[in-house]
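> sequence? don't have it. structure:
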């Protein structure tokens, strides 16, 4: 199993079925899956991340559909035939702007998705059954709790759930524990988007999110104001994944905790289609210069069929392949990089110190967002050639920690403009 | 086709699949359907009302799943094999406290279900394709727009949609027109619950709802405060369907417009299980004493499997059959009444005059609800043996209208206590 592999960086894709997008679960067709996996394997990819739809797999709290689990198992087995390992996200939840919530948690049955005891009981039952059904399959890497499920706790979500940081962390601990119990050999994660690191209102905190599960996960999307502010092909955009990886590392307790770049894509028009190949190549090269990177999982395998309506424009063309299985520029770039990736990255001996105030709640985390002082300082250092890491203020004097990471020089935000490399 | 039949009152059931409830669409199994239809036919029923789930049939605005339409067609054909005609509700929408809305109208894609142009376009496309797929099947009676879809416009719904009475009526007209166009021979309806007749805040008005579609529909549920206020076996509860039928008749423009008692059930604990048979018998006898009744469709065919969670307690035991296909008391009562129903009912020569103020918006309609002055006056007359109908105040002097209905005596609310029969 690759999670006990040789340590080489793993390359994979987030699998978006070429026919019917994630609605394919309603019309599950192994022929389509095989065709898609054949294309994906041709990239040199070794794994896929896949997304059951919660409302289809568990339409009633106590009905976890055996046929859905069977389809999922068949998909996993099909992946094995193409030499692909599989990571499974459970609670979808949220995908490409669409929310899929089962009827038993919506409208008249509305209940808090993170703290209601009945909802939690349902989620735990689902996660356990899912994990148990996958534990025996040797090409399953593990589960993630759900794709960006914490979007439902975002202040910007139309159905925002009132959740405290303590409730959010309890939810992570409880759900990951359940998965671990049923599938002890798996590397189980949760799949966070950048708001946990950037938005002081978000109850999923950097500390809470980077310290649970087998790896920290990074979702790198330049449409998060990085492209809007600096340009889609700016150093800031090309280094966003690298930056987020170093940021996630800083928040982990274990200095050697592996990091998974679970999502990165080249969204148009933020990245113009003609530059998508170059973006892919450069962004990957930059993040591959981070040590301890478990792997990179591109979003996504296949474009969204334009016969499907109402996606945000940028979601349609994120595939490495078109729906007819032809390879796109970004697909070729991914293929080249995957074929030729360096075995390991050098350690980063210089780190920028991050002070967000109380580290449990991180009230000062907005400085880490695009346009923020910390973001800009880190980018200045990086552009100057410093290969910067990130160290939390609480580790400033912790020589054991700094030594474990190989850090020789600490830079304070205010100093960055004075330094030259 | 039964809609061109001999005029005898039709008996049918709302089909709740014995396995998986309406989630059966995800695991469609014709064997189960045949087993259920075999039971239903044994009741002497001649039709079923069926409920596709919107989110499964149209998961994306421009994806109306061919396989779902194929399953629906197979279910209709199976009904034919058992001598059953079929009426199909489209937009579910709302069923037994659960709401099934596709992801393209919820959360980030939230849009008004009755007035947003894109949502309407999607609904129209769905209704048309559904209607077209059913128009060629000789045992399909017609479509209803959706089961109690106007619940989403109720002030009490957690996701209440802001809708004006004019928008509500436009929605009815536009959607019914689309269905009619694709399936001209069908008798197409919309399926309203009693709030349209009772709640002055509801944008679906009595006038708007009783004047569109091939028939007026009545949903008679004693848990609407009738049982709570008067008792589940009170004359009020036993006459609720009769009352609603006469009320719907009053609001129709055509004095001879047929009325379909589309839903009636014996909900426990409002009606204790030991009285369910008697309730069924008496409530049906009372409503069969209304002229121009197209038919009665009992809610529902089969109990909800208690392995399924989170239904309101009363929803589990509404079946005429248990999930193991054994017949319940209410099933036997239904069977007896269906076997022995009178061919026609006498006209009602006495009517109570209803004055709700402006009839377009009916600001005074609360008097029609259980506990209201009109409701109680009508019940007093009925209990005294008067067989009362209902006439709108605007028809008080309209001798053509009164003659067409055979009304000889008008009773004003204030007079009722002075009368004796």
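Received it, and whenever you're ready, just let me know what you need. Note that the structure is a prediction, hence the values are computed from the model and not measured.

> Which residues of the stretch 51-200 of chain A lie near chain B?
Within reach of chain B by C-beta under 8 Å from any C-beta of the partner chain, the stretch 51-200 of chain A has these residues: A:55-56, A:59-63, A:65, A:67-68, A:97-101, A:103-104, A:106-110, A:118, A:122, A:157-159. Heads up, the C-betas are built off the backbone N, CA and C, glycines and all.

> now for the worst-scoring helix or strand of chain A on mean pLDDT, which elements pack on it?
Ranked by mean pLDDT, DSSP states H and E, the helix or strand of chain A with the weakest confidence is helix A:206-209, at a mean of 89. For helix A:206-209, the packing partners by 3 or more C-beta pairs under 8 Å, 6 or more residues apart in numbering or on different chains; DSSP states H and E come out as helix A:165-182, helix A:195-198, helix A:240-251.

> Out of those helices, the one nearest residue B:12 is which?
Comparing these by their distance to residue B:12 (C-beta to C-beta), the top pick is helix A:165-182, with 45.2 Å.

> For residue A:96, which non-adjacent residue is closest in space?
Distance criterion C-beta to C-beta, 6 or more residues apart in numbering or on different chains; nearest residue to residue A:96, sequence neighbours excluded, is residue A:315 at 4.6 Å.

> Show me the helices in the stretch 301-421 of chain A, by range?
All helices of the stretch 301-421 of chain A, identified by DSSP state H, counting those that start in this stretch, fall at A:329-339, A:373-383, A:399-405.

> possible to save those helices as CSV with distance to chain B?
CSV is the format used below for the helices of the stretch 301-421 of chain A (distance: least, C-beta to the nearest C-beta, whole Å):
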stretch, distance to chain B
helix A:329-339, 25
helix A:373-383, 26
helix A:399-405, 39
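
> would JSON lines of these with mean neighbour count be doable?
Below are the helices of the stretch 301-421 of chain A laid out as JSON lines (neighbours: other C-beta atoms under 10 Å in any protein chain shown):
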{"stretch": "helix A:329-339", "mean neighbour count": "20"}
{"stretch": "helix A:373-383", "mean neighbour count": "21"}
{"stretch": "helix A:399-405", "mean neighbour count": "14"}
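
> Include mean pLDDT when you put those helices into TSV, please.
Output for the helices of the stretch 301-421 of chain A, formatted as TSV (pLDDT from 0 to 100):
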stretch	mean pLDDT
helix A:329-339	98
helix A:373-383	97
helix A:399-405	96
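
> Generate CSV for those, with distance to residue B:351 as supplementary columns.
Formatted as CSV, the helices of the stretch 301-421 of chain A follow (distance: least, C-beta to C-beta, whole Å):
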stretch, distance to residue B:351
helix A:329-339, 74
helix A:373-383, 76
helix A:399-405, 87
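
> how about these, which one is nearest residue B:296?
helix A:329-339 (61.1 Å).

> And the closest one, what does it pack against?
strand A:10-14, helix A:276-288.

> what's the closest of these to residue B:149?
For residue B:149, the closest of these is strand A:10-14, at 35.9 Å, according to C-beta to C-beta.

> other SSEs contacting the closest one?
Going by 3+ C-beta pairs under 8 Å, 6+ apart, strand A:10-14 lies up against strand A:47-50, strand A:293-299, helix A:329-339.

> quick one, the last one and strand A:293-299 angle?
With axes from the mean of the first three to the mean of the last three C-alpha atoms, to 10 degrees applied, the angle from helix A:329-339 to strand A:293-299 works out at 160 degrees.

> any idea which of the helices and strands packed on helix A:329-339 is most buried?
Most buried of the helices and strands packed on helix A:329-339, by mean neighbour count (mean count of other C-beta atoms under 10 Å in any protein chain shown): strand A:10-14, with a mean of 24.

> check which helix or strand covers the most centrally placed residue in chain A.
Nearest residue to the geometric centre of chain A (C-alpha atoms, centre = their mean): residue A:262, 3.3 Å. Using DSSP states H and E, residue A:262 sits within strand A:259-264.

> What pLDDT does the model give the spatially closest residue to residue A:74 that is not a sequence neighbour?
Nearest residue to residue A:74 in three dimensions, chain neighbours excluded: residue A:30, at 5.9 Å (C-beta to C-beta, 6+ apart). Here, the pLDDT recorded for residue A:30 equals 98.

> Could you tell me how many residues sit around residue A:30?
13 (other C-beta atoms under 10 Å in any protein chain shown).

> The stretch 101-250 of chain A: strands as residue ranges?
A:140-147, A:189-191, A:216-220 (DSSP state E, counting those that start in this stretch).

> Neighbouring strands - and their directions - for the longest one?
The sheet places strand A:140-147 alongside strand A:85-89 (parallel), strand A:189-191 (parallel), with pairing taken from DSSP bridges.

> Averaged pLDDT, it. What do you get?
98.

> related to what we said a few turns ago, could you dump the helices and strands packed on helix A:329-339 to a markdown table with mean pLDDT and distance to residue B:170?
Below are these laid out as a markdown table (pLDDT from 0 to 100; distance: least, C-beta to C-beta, whole Å):
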| stretch | mean pLDDT | distance to residue B:170 |
| --- | --- | --- |
| strand A:10-14 | 98 | 42 |
| helix A:276-288 | 98 | 45 |
